[in-house]
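Enquirer: sequence first, predicted coordinates after that:
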Amino acid sequence: MTADMTMKALVVDSFETGAFRIAEVPQPQIGDHDVLVRVHASGVNPIDSKIRTGKAPHGGMTAPCILGTDMAGVVEAVGIGVSEFEVGDEVYGLAGGAGGIQGSLAEYMAVDADLLAPKPKSLSMREAATLPLVSLTAYEGLADRAQVQAGDRVLVTGGAGGVGHIVVQMAVSAGAKVYATVSAAKAEIVRSYGATPIDRNEPVEQYVQRHTGGVGFDVGYDTVGGKPLDDCMAAIRNYGRVASCYGWGAHDLKALSRRGASYSGVFVLLPLLTRERRGHHGWILREVTRMVEQGKLRPMVDERRFTFETALEAHELVESGKANGKIVIDVI
């Protein structure tokens with residue numbers, strides 16, 4: 001790949017304006033352990049719009065920059081130290097858009113091979129691009145931290161959301177008895193995944209009594225933060241396990257502590273920010289691919305289509321909370 005080759009990309013020049021600009025920029029150069037990927041689809045996550053508008057300095061990006069955390073595409077070249085991928089392989093991953101790393105709103109990305117996995121053959125590029133961040137977040141909290149087991153009673157807050165709908169499916173796949181808080185309009189979504197919906201406005205004590213006989217849930221996974229995280233901690237049983245990917249606020253740990261229960265935070269961007277445990281992300285995504293191919297996991301994708309020209313509309317739809325599933329920007 002020669003230095004004078006260019007590609008089309010979306011550039012954010014200022015987090016104060018948050019505007020996208022379509023630009024011709026140099027194609028990235030790959031290192032020894034990198035893979036050059038021709039990006040086909042860029043999945044949009046809330047963190048993307050938060051970084052774009054200056055609300056997520058913890059994302060580690062500095063303007064001007066190219067955003068986009070999730071991607072799916074085709075390998076165009078591999079570094080001399082890469083043996084697990086070949087030119088032509090279809091791959092996906094949480095590959096950039098944080099930690100100063102170029103994101104997926106570009107025709108090409110240079111990606112650390114540890115962050116990638118083979119794309120599920122049964123999914124389109126668009127579908128695959130919705131999975132990395134939410135699946136990694138779900139797995140890290142549910143399996144790595146809470147260590148869900150078959151037979152566990154699992155409570156998921158926000159069970160029809162981006163992360164939540166994956167947590168529900170993974171917990172069901174693990175053999176757990178799964179319950180998920182949702183709005184009345186989305187109850188059928190979690191029911192279709194094999195979980196029992198709980199009206200998100202129902203008092204905690206009431207649904208704990210009805211579904212666990214007052215004992216509490218073995219595992220709680222909060223995907224919402226705020227009061228739902230407080231409710232999750234209040235609903236846990238003695239020696240239970242709680243995980244959350246939104247534990248940013250101030251919370252009273254008394255209910256958790258008096259039950260001898262544990263709490264784990266999940267921050268899925270750490271491997272991008274610190275280079276730690278990148279290989280574990282690639283391993284998890286291989287597990288996700290296996291689950292998809294076995295029919296145990298399916299993404300919920302909004303049918304609306306977006307391109308570079310309408311990328312801002314995609315971000316605004318994610319910000320509105322009115323998307324019917326994950327949002328994708330088509331790069332090809």
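Expert: Yes, it's here. Numbering: from 1, shown residues only.
Enquirer: which residue packs closest to Val82, ignoring adjacent ones?
Expert: Ala113 (4.7 Å; C-beta to C-beta, 6 or more residues apart in numbering). Where C-beta positions appear, they are placed from N, C-alpha and C, glycine not excepted.
Enquirer: now do the contacts for that neighbour.
Expert: Contact partners of Ala113, counting by C-beta atoms under 8 Å, 6 or more residues apart in numbering, are His33, Asp34, Val35, Val78, Gly79, Val82, Glu84, Phe85, Gly282.
Enquirer: go with 7 Å
Expert: Neighbour list for Ala113: His33, Asp34, Val35, Val82, Glu84, Phe85 [criterion: C-beta atoms under 7 Å, 6 or more residues apart in numbering].
Enquirer: now the phi/psi pair for the third one, please.
Expert: Read it as Val35. phi -120, psi 130 (degrees, to the nearest 10).
Enquirer: beta partners for it?
Expert: Val78, Val111 (DSSP bridges).
Enquirer: count the neighbours of it for me.
Expert: 29 (other C-beta atoms under 10 Å).
Enquirer: and for the fifth one?
Expert: Using other C-beta under 10 Å, Glu84 has 14 neighbouring residues.
Enquirer: the helices in the stretch 201-332 of the chain, which residues?
Expert: 204-212, 227-234, 254-257, 270-274, 278-293, 311-320 (DSSP state H, counting those that start in this stretch).
Enquirer: out of those, deepest packed?
Expert: Counting by mean count of other C-beta atoms under 10 Å, helix 227-234 has the highest mean neighbour count of the helices of the stretch 201-332 of the chain, with a mean of 21.
Enquirer: which other helices and strands contact it?
Expert: Other helices and strands packing on helix 227-234, by 3 or more C-beta pairs under 7 Å, 6 or more residues apart in numbering; DSSP states H and E, are strand 153-157, strand 217-222, strand 236-244, helix 254-257.
Enquirer: would you reformat these as JSON lines and include mean pLDDT?
Expert: Listed next are the helices and strands packed on helix 227-234 as JSON lines, based on pLDDT from 0 to 100:
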{"stretch": "strand 153-157", "mean pLDDT": "98"}
{"stretch": "strand 217-222", "mean pLDDT": "98"}
{"stretch": "strand 236-244", "mean pLDDT": "98"}
{"stretch": "helix 254-257", "mean pLDDT": "94"}
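Enquirer: want to try CSV for those, with distance to Leu312 as columns?
Expert: Output for the helices and strands packed on helix 227-234, formatted as CSV (distance: least, C-beta to C-beta, whole Å):
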stretch, distance to Leu312
strand 153-157, 30
strand 217-222, 30
strand 236-244, 30
helix 254-257, 41
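Enquirer: of all the ones you listed, which one is nearest Ala9?
Expert: Closest to Ala9 of the helices and strands packed on helix 227-234, according to C-beta to C-beta: strand 236-244, at 33.9 Å.
Enquirer: for that closest one, buried residues please.
Expert: Ile236, Arg237, Gly240, Arg241, Val242, Ala243, Ser244 (16 or more other C-beta atoms under 10 Å).
Enquirer: contacts for it?
Expert: With C-beta under 7 Å, 6+ apart as the test, strand 236-244 has contacts from 141-142, 145-147, 215-222, 225, 229, 232-233, 256, 259-266.
Enquirer: picking that back up, what's the most distant pair in the contacts of Ala113?
Expert: Asp34 and Glu84 (12.4 Å).
Enquirer: output the below-cut-off pLDDT ranges for this structure.
Expert: 1-3 (pLDDT under 70).
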